[in-house]
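**Student:** Structural data only, the sequence is not supplied:
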Ligand SMILES: NC(=O)N[C@@H](O)C(=O)O
Ligand code: NI
């Protein structure tokens, strides 16, 4: 029997156990450059650990996922946070899970709007990038450095996202 996942709207409070939502929060805004520019300051912080580790900035070009989609695996990065900010204003999906004794629990699926990004906290279970509807580029800030920064886990029985809508 497939385990169907529901989709929640992405909000700062709902996502708090997993990291932070990166969005133009008016509370963080300060004018700079003589008033020409609005700086939405300190929305998230990159967290990298280990001798010789660096924060790097990447572009991930995600192909759209096909639905119904089976969430059969999750991953996490023990030595660094990882943020995704879409360059195209198009909704996408964020799939995360609480840790349960070193394994991911049931996934939670959040619908991110096109101007919302996320910063997964270090060692937070998440599904790889889930682009919806069309190819989308994302600015990704994560870690480069020594050690294996990718831990993967496969569920005994997959969960299913029936539709991204
Ligand atoms: N492996 C990789 O660089 N991508 C994943 O970490 C991901 O979260 O998409
Ligand atoms: Ni990742």
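**Tutor:** Yes, it's here. Predicted, not measured: the structure shown is a model, and the values here were computed from it. Ligands and ions are numbered 1, 2, ... in the order given.

**Student:** first to last residue in stretch 157-165, what's the distance?
**Tutor:** Chord length of stretch 157-165, first to last residue, is 23 Å (Cα to Cα, to the nearest Å).

**Student:** Quick one: name the residues of the protein near ligand 1.
**Tutor:** Contact residues, the chain versus ligand 1 (Cβ under 6 Å from any ligand atom): 75, 82, 126, 128-129, 150. Bear in mind the C-beta positions are built from the backbone N, C-alpha and C, glycine included.

**Student:** Out of those, grab the one that's most surrounded.
**Tutor:** Within those, neighbour counts (other Cβ atoms under 10 Å) peak at residue 82, which reaches 25 neighbours.

**Student:** which residues in the protein form helices?
**Tutor:** 12-15 (DSSP state H).

**Student:** roughly how far apart are the residue positioned nearest the centre of it and residue 5?
**Tutor:** Nearest to the geometric centre of the chain sits residue 118, at 4.7 Å (Cα atoms, centre = their mean). Residue 118 is 17 Å from residue 5, where distance means Cβ to Cβ, to the nearest Å.

**Student:** that older thread, show me the two of the residues of the chain next to ligand 1 that sit farthest apart.
**Tutor:** Farthest pair in these (Cβ to Cβ) is 129 and 150. Separation: 13.6 Å.

**Student:** distance of the closest residue to residue 21 other than its chain neighbours from residue 31?
**Tutor:** Nearest residue to residue 21, sequence neighbours excluded (Cβ to Cβ, 6 or more residues apart in numbering): residue 12, at 4.9 Å. Note on residue 12: its distance to residue 31, by Cβ to Cβ, is 23 Å.

**Student:** Repeat that for residue 149.
**Tutor:** 38 Å.

**Student:** These two: who's more crowded?
**Tutor:** More neighbours surround residue 149 than the other of residue 149 and residue 31, with 21 against 10 (other Cβ under 10 Å).

**Student:** May I have the residues that are in contact with the more buried one?
**Tutor:** Counting by Cβ atoms under 8 Å, 6 or more residues apart in numbering, residue 149 touches 77-80, 143.
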